[in-house]
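Colleague: turn this into a structure:
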Amino acid sequence: MASAAVLLTLGQSSATAAGVKAAGAPVPWKATYGTATASGTRSVQPKDGSVFSKLVIKGDFKNTGNDCYSVWTQWTYDLVPRPPVKQATLCGKGTKPVDLSLASYTFTTTGSVFICRGDKDTKDCGEQESLTSWPVNHAG
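Modeller: The predicted model follows:
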């Protein structure tokens, strides 16, 4: 289940896939909707002897207004989309940390982050922002 794969953790590293190397430093991410913003960095931590890596996502979720907003993630494994998973909710002004990881990340995994108004569903949301597209340096 997607929510079981998301674990609280920290870390950083780099990724390599199909002859293209991802940036070694953490890469920024950002999602906004209404008066809420979530932003931070994402990176990949390799696992020795495994085709899987750990995708690490860190940052802050801020709300400057009075409404409730929630941060959601959605993952696709081997072309099979999983349901969205709520990561955090803020009702009214405030800030919360975003600190999660995907324990079994590979080149066939894609994912996004987005913010929705309210705390119950994903009916009123901003754009989904990729957590798995990487700036590349061509190997060679």
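
Colleague: show me the strands in the chain, by range?
Modeller: 6-7, 16-17, 20-22, 27-33, 36-46, 53-63, 68-77, 80-81, 85-91, 94-105, 109-117, 129-130, 136-138 (DSSP state E).

Colleague: I'd like these as a markdown table, with distance to residue 123, mean pLDDT and mean neighbour count appended.
Modeller: Backbone N, C-alpha and C define where each C-beta goes, glycine included. Below are these laid out as a markdown table (distance: least, C-beta to C-beta, whole Å; pLDDT from 0 to 100; neighbours: other C-beta atoms under 10 Å):
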| stretch | distance to residue 123 | mean pLDDT | mean neighbour count |
| --- | --- | --- | --- |
| strand 6-7 | 22 | 34 | 16 |
| strand 16-17 | 34 | 38 | 14 |
| strand 20-22 | 34 | 40 | 16 |
| strand 27-33 | 12 | 97 | 17 |
| strand 36-46 | 16 | 95 | 20 |
| strand 53-63 | 18 | 96 | 21 |
| strand 68-77 | 11 | 97 | 21 |
| strand 80-81 | 17 | 94 | 10 |
| strand 85-91 | 13 | 97 | 18 |
| strand 94-105 | 22 | 93 | 17 |
| strand 109-117 | 7 | 97 | 21 |
| strand 129-130 | 18 | 96 | 14 |
| strand 136-138 | 35 | 65 | 11 |
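
Colleague: what sits against residue 84?
Modeller: Residues in contact with residue 84 (C-beta atoms under 8 Å, 6 or more residues apart in numbering) are 72, 73, 74, 114, 122.

Colleague: farthest-apart pair in those, please.
Modeller: Comparing all pairs in these by C-beta to C-beta, the longest separation belongs to 73 and 122, at 10.9 Å.

Colleague: check the gap between residue 69 and residue 30 for me.
Modeller: The gap separating residue 69 from residue 30 is 14 Å, by C-beta to C-beta, to the nearest Å.
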